[in-house]
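[1] Test case, fold it:
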Amino acid sequence: QVQLAESGGGLVQPGGSLRLSCAASENLFSINAMGWYRQAPGKQRELVARIISGGSTNYADSVKGRFTISRDNAKNTVSLQMNSLQPEDTAVYFCNAQGRSTTVPNRTRDFWGQGTQVTVSS
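    Below is the predicted model of the structure:
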């Protein structure tokens with residue numbers, strides 16, 4: 001079973017920084033893209049940032065200039081550096097990977113982590 005292990009969430013004051021990390025299990029391969037989504041209470045899950053295997057990135061307009069996504073293709077990890085955090089960034093952040101598992105190697109699928117809470121409050 002593919003697992004995405006997230007770490008780095010927590011409580012931070014407005015203007016502060018956090019770094020989220022996500023590591024995919026070894027049974028995930030041919031990863032096309034990795035990224036981060038978030039879901040605030042009462043809202044739909046939304047894309048925060050995404051990076052494809054070639055290195056291209058895209059960000060939600062609300063985080064451009066504040067968040068930076070990076071990926072280590074060799075280690076199957078993705079990180080999100082979040083600076084100048086604001087209360088509206090408060091949400092559960094989910095790691096996402098699009099790839100193939102060793103159990104179903106002929107199909108590309110979306111895989112999700114369990115989520116990590118980020119709370120921005122004074």
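
[2] Grab the most central residue of this protein for me.
    Among the residues of the chain, the one closest to the centroid is residue 36, at 2.4 Å (Cα atoms, centre = their mean).

[3] May I ask which helix or strand encompasses that one?
    Here residue 36 sits within strand 28-39, counting by DSSP states H and E.

[4] and that strand, which strands flank it?
    strand 46-52 (antiparallel), strand 91-101 (antiparallel) (DSSP bridges).

[5] Show me which residues of it are buried.
    By 16 or more other Cβ atoms under 10 Å, the buried positions in strand 28-39 come out as 28, 31, 33, 34, 35, 36, 37, 38. From N, CA and C alone the C-beta is placed, and that goes for glycine too.

[6] ok and the strand or helix carrying residue 20 relative to strand 91-101, angle-wise?
    Assigned by DSSP H and E, residue 20 belongs to strand 18-24. Between strand 18-24 and strand 91-101, the angle comes out at 20 degrees (axes from the mean of the first three to the mean of the last three Cα atoms, to 10 degrees).

[7] Report pLDDT for residue 70.
    At residue 70, the predicted lDDT confidence score is 96.

[8] For the residue nearest to residue 92 when sequence neighbours are not counted, give me the pLDDT.
    Spatial nearest neighbour of residue 92, excluding adjacent residues (Cβ to Cβ, 6 or more residues apart in numbering): residue 115 at 4.2 Å. Per-residue confidence (pLDDT) for residue 115: 96.

[9] what number of residues lie near residue 115?
    Residue 115 has 18 neighbouring residues, counting by other Cβ atoms under 10 Å.
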